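Chemist: next input, structure requested:
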Amino acid sequence: MQTTTFMKVISGLLMMVFFGTLHAQDIIITKDAQKIEAKILEVSGSEIKYKKQSNLEGPTFILGVEELNSIIYANGEVQVFPTKEPEANEPQSEVIWETGASYNENIGGGIIARDVANNYYLDGKRISEGEYVYYLKTHCPSVYQYHIDAMEKERLGKVFCGLAIGCFVAAIPLMVIGYSSLDDAYLYAGIGCAFASDCFTAACIPLWIVGAKRRHSSHELYNQQCSGKLSLNLQSGKNGFGLALRF
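Modeler: Prediction:
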């Protein structure tokens with residue numbers, strides 16, 4: 001009876017770790033390119049309220065919309081905030097989308113590049129990651145879906161890594177107690193947690209790496225499929241190397 005109660009407690013703790021880690025996160029990108037992993041609580045016309053993903057029980061932070069570049073929500077939707085006031089004689093082309101935010105489409109078009117700091121450049125003009133994702137959504141839906149799927153794989157990898165850490169942390173004291181008190185229930189529970197930790201680790205690393213790699217290379221797929229510009233690329237194939245002309 002005591003062993004059954006103990007196992008229920010352990011199962012409950014593991015479920016809390018699972019659902020706590022599974023909690024989806026939003027990403028805030030500020031005007032100065034700072035990236036904040038957060039949980040958005042409220043968005044108004046003048047400010048947003050959020051909690052940091054690393055401390056959901058902590059204080060609520062507030063940012064004015066003039067400090068924001070974009071928000072990438074956990075479901076893949078992107079809210080982009082205007083980066084400048086429109087000039088009096090400058091024609092504007094804006095899209096009003098689901099969240100009610102306006103987005104200036106006059107950011108060029110064509111080749112997209114990405115640097116090691118995860119900054120994107122559209123025809124040489126720097127854009128935020130949020131603008132890049134929204135640009136894919138409006139100009140190349142197939143690559144947008146590829147990018148979102150990569151984000152989901154990367155996020156799932158992080159979830160499994162969190163579970164692996166939680167199981168590993170739980171396994172150590174259980175096995176120590178089992179060895180010191182010669183109680184098989186604690187020992188087996190610790191071994192079970194250690195085994196679960198290994199399983200989650202084996203799943204999280206490939207998901208995280210593959211998701212991140214695909215997310216970081218989606219701009220290359222866009223350039224191949226949707227850039228709409230003439231380009232000459234060096235490619236390899238079964239017969240060797242050659243030049244591919246794309247237009």
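Chemist: CA only for contacts and neighbour counts going forward, please
Modeler: Noted.
Chemist: V210 versus the spatially most central residue of the chain, what's the distance?
Modeler: In the chain, the C-alpha closest to the average C-alpha coordinate belongs to M151, at a distance of 4.8 Å (CA atoms, centre = their mean). Per CA to CA, to the nearest Å, M151 is found 10 Å from V210.
Chemist: and K137, by the same measure?
Modeler: Taken as CA to CA, the span from K137 to V210 is 21 Å.
Chemist: for stretch 119-128, C-alpha coordinates in CSV please.
Modeler: Output in CSV follows, covering the C-alpha atoms of stretch 119-128 (Å, rounded to 0.1, in the frame of the first residue of the first chain):
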residue,chain,number,x,y,z
ASN,A,119,19.5,38.2,-38.5
TYR,A,120,17.7,38.1,-41.9
TYR,A,121,18.4,40.3,-44.9
LEU,A,122,15.9,40.8,-47.7
ASP,A,123,17.7,42.1,-50.8
GLY,A,124,20.3,43.5,-48.4
LYS,A,125,17.8,45.2,-46.0
ARG,A,126,17.8,43.8,-42.5
ILE,A,127,14.5,42.4,-41.3
SER,A,128,13.6,40.8,-38.0
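Chemist: buried residues, it. List them.
Modeler: Y120, Y121, L122, R126, I127, S128 (16 or more other CA atoms under 10 Å).
Chemist: who does the fifth one bridge with?
Modeler: The residues listed as beta-bridge partners of I127 by DSSP bridges are Y120.
Chemist: residues contacting it?
Modeler: N119, Y120, Y121 (CA atoms under 8 Å, 6 or more residues apart in numbering).
Chemist: please redo it, this time with the cut-off set to 10 Å
Modeler: The neighbours of I127, taking CA atoms under 10 Å, 6 or more residues apart in numbering as the test, are A33, N69, I107, I112, R114, N119, Y120, Y121, Y135.
Chemist: check the last one too.
Modeler: Counting by CA under 10 Å, 6+ apart, S128 touches 29-34, 69-70, 80, 118-121, 134.
Chemist: just the buried ones from these?
Modeler: The neighbour-count test (16+ other CA under 10 Å) marks I29, T30, K31, A33, N69, S70, V80, Y120, Y121, Y134 as buried among the contacts of S128.
Chemist: thinking again about what came up before, farthest-separated two in the buried residues of stretch 119-128?
Modeler: Pairwise distances across the buried residues of stretch 119-128 peak at 10.0 Å for L122 and S128 (criterion: CA to CA).
Chemist: which stretches of this protein form helices?
Modeler: Counting by DSSP state H, one finds helices in the chain at the ranges 2-22, 129-139, 141-181, 184-225.
Chemist: what would the ones you listed look like in TSV with distance to G76 and mean pLDDT?
Modeler: Shown next, in TSV, are these (distance: least, CA to CA, whole Å; pLDDT from 0 to 100):
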stretch	distance to G76	mean pLDDT
helix 2-22	16	49
helix 129-139	9	85
helix 141-181	6	87
helix 184-225	13	86
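Chemist: now render the ones you listed as JSON lines, adding distance to I40.
Modeler: JSON lines is the format used below for the helices of the chain (distance: least, CA to CA, whole Å):
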{"stretch": "helix 2-22", "distance to I40": "16"}
{"stretch": "helix 129-139", "distance to I40": "15"}
{"stretch": "helix 141-181", "distance to I40": "17"}
{"stretch": "helix 184-225", "distance to I40": "23"}
